[in-house]
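Trainee: give me a 3D structure for the following:
(chains A, B, C and D)
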2 protein chains.
Amino acid sequence: MTRTPRERMVLSAAQLVRIHGVGATGMRDVVAHAEAPRGSLQHYFPGGKDQLIAEAVAWAGDYAARRVARIAAKIEDPTPGKLFEAMAAQWRDEFTAQGFDGGCPLVATVADTAATSESLREAVGKAFEGWQRPVASALRELGVPAPRSTSLAVLMLSALEGAIVLARAHQDVAPLDTVVEELRPLLDGAAA
Amino acid sequence: MTRTPRERMVLSAAQLVRIHGVGATGMRDVVAHAEAPRGSLQHYFPGGKDQLIAEAVAWAGDYAARRVARIAAKIEDPTPGKLFEAMAAQWRDEFTAQGFDGGCPLVATVADTAATSESLREAVGKAFEGWQRPVASALRELGVPAPRSTSLAVLMLSALEGAIVLARAHQDVAPLDTVVEELRPLLDGAAA
DNA sequence: GGGCTACCATGACGGACGTCATGAAGGAGG
DNA sequence: CCTCCTTCATGACGTCCGTCATGGTAGCCC
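Mentor: Next up is the predicted model:
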């Protein structure tokens, strides 16, 4: 559990971006949140803020991908609809337990930097790709034909991200439940 | 076309937020973009940046709502699937014609301020609600039962917003096309 | 022990931010 | 003409930002 200061900073950056966005997340805030020495910033991240945020985005993408793989392996009688339900349930649980302060760091990074920093935009693109891959492969294992699996993975990610935004705006988890219920028959129908 | 300086500032704020997010959008940037006198800021928006952004968000919500109503009235042989396709096409066309610099200002505002400013979060919630309403009522006019129409409207907004984020991250409109194709049978099937 | 490298500490710099104070044009109404 | 009120102009203030420069410690290797 004890991580190196470098890891703590990347992780803290991801968490602060989730809450405040990229622009409002300061370097000093990150070191304070990570309880890391401020001097380590220029040592571990000579590329400055962009490098730190890029690593935070990459970490977030990896985390989401690992979470999908773990969820997919744990469901009993798995179906595509149940997989999506479990993915949404993670957000539902966090919102109800910890409030609506934190969103998806990938969405926040796109919203803040897509037009400004090509490197960060690419980092988010790769992160989404890495998240989409285990979803699609899980769908294939559940009997979804290969070409359809990537389309449905895109739909699942889109609907989930959008529902997260709506849920935060309304401070209500209902949008998450709604998209799960509406998408379930479509998803399960594709696994015939 | 000639608007009052006040309107121009609200409109410019919305456009800049779309591109750079709330944090990176400065008051000076807004007056410069609006070609408005800087002194007018404290006169028209004594509530400061929060008031300006809140009005920009409200304007964006109204704009989206009017756009939906106009689209719904213009489609021939309308179906729920075609309505969603037309909504996504607006974004598709803008991305291909003007690049991926601008996203949805509501998403950017949620990502940047949901945890910080209660008033802005509420403003975005109302904006989403005002956008969702014409979508749901258009669905009802197309034969979708009332209770289902709000659920499907939430699904449409979620999938659209998420696909916009994915499209910007990948600089590719494919996610928009994908969600339209995948959702079309589900949407049209609900209008039986 | 001397030197080299990795890691951390601290202060400063230049710039941008949101906000405020002060005041000037310019027409409306007495 | 004088006054009031809306609208705009401009400069300043305090704060925070990302970055950099400089220097200090700690441990390993020769």
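
Trainee: what ranges in chain A fall below the confidence cut-off?
Mentor: For chain A, applying pLDDT under 70 flags the ranges A:1-2.

Trainee: how about the residues of it near DNA strand D?
Mentor: Contacts of chain A with DNA strand D, taken as C-beta under 7 Å from any atom of the strand, map to A:Thr25, A:Gly26, A:Met27, A:Arg28, A:Asp29, A:Gly39, A:Leu41, A:Gln42, A:Gly48, A:Lys49, A:Asp50. From N, CA and C alone the C-beta is placed, and that goes for glycine too.

Trainee: which of the residues you listed has the most neighbours?
Mentor: A:Thr25 (27 neighbours; other C-beta atoms under 10 Å in any protein chain shown).

Trainee: returning to that earlier point: dump the residues of chain A next to DNA strand D into JSON lines; add distance to B:Gln15 and secondary structure as well.
Mentor: JSON lines is the format used below for those (distance: C-beta to C-beta, whole Å; DSSP: H, G, I helix; E, B strand; the rest coil):
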{"residue": "A:Thr25", "distance to B:Gln15": "23", "secondary structure": "coil"}
{"residue": "A:Gly26", "distance to B:Gln15": "26", "secondary structure": "coil"}
{"residue": "A:Met27", "distance to B:Gln15": "29", "secondary structure": "helix"}
{"residue": "A:Arg28", "distance to B:Gln15": "31", "secondary structure": "helix"}
{"residue": "A:Asp29", "distance to B:Gln15": "28", "secondary structure": "helix"}
{"residue": "A:Gly39", "distance to B:Gln15": "40", "secondary structure": "coil"}
{"residue": "A:Leu41", "distance to B:Gln15": "34", "secondary structure": "helix"}
{"residue": "A:Gln42", "distance to B:Gln15": "36", "secondary structure": "helix"}
{"residue": "A:Gly48", "distance to B:Gln15": "28", "secondary structure": "helix"}
{"residue": "A:Lys49", "distance to B:Gln15": "25", "secondary structure": "helix"}
{"residue": "A:Asp50", "distance to B:Gln15": "24", "secondary structure": "helix"}
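
Trainee: wait, which of those residues is closest to A:Ala169?
Mentor: Set against A:Ala169, the nearest of the residues of chain A next to DNA strand D by C-beta to C-beta is A:Thr25 (20.3 Å).

Trainee: residues contacting the closest one?
Mentor: Going by C-beta atoms under 8 Å, 6 or more residues apart in numbering or on different chains, A:Thr25 touches A:Ala13, A:Leu16, A:Val17, A:Ile53.

Trainee: so which bits of chain A are right by DNA strand C?
Mentor: A:Pro5, A:Pro37, A:Arg38, A:Gly39, A:Ser40, A:Gln42, A:His43, A:Tyr44.

Trainee: from those residues, which land in helices?
Mentor: A:Pro5, A:Ser40, A:Gln42, A:His43, A:Tyr44 (DSSP state H).

Trainee: show the buried residues in those.
Mentor: A:Pro5, A:Ser40, A:Tyr44 (16 or more other C-beta atoms under 10 Å in any protein chain shown).

Trainee: ok, now which ones touch the spatially closest residue to the first one that is not a sequence neighbour?
Mentor: Once its chain neighbours are removed from consideration, A:Pro5 has its nearest residue in A:Ala36; the separation is 4.2 Å (C-beta to C-beta, 6 or more residues apart in numbering or on different chains). A:Ala36 makes contacts with A:Pro5, A:Arg8, A:Met9, A:Ser12, A:Val30, as judged by C-beta under 8 Å, 6+ apart.

Trainee: taking those residues one by one, which sit in helices?
Mentor: Using DSSP H, the contacts of A:Ala36 in helices are A:Pro5, A:Arg8, A:Met9, A:Ser12, A:Val30.
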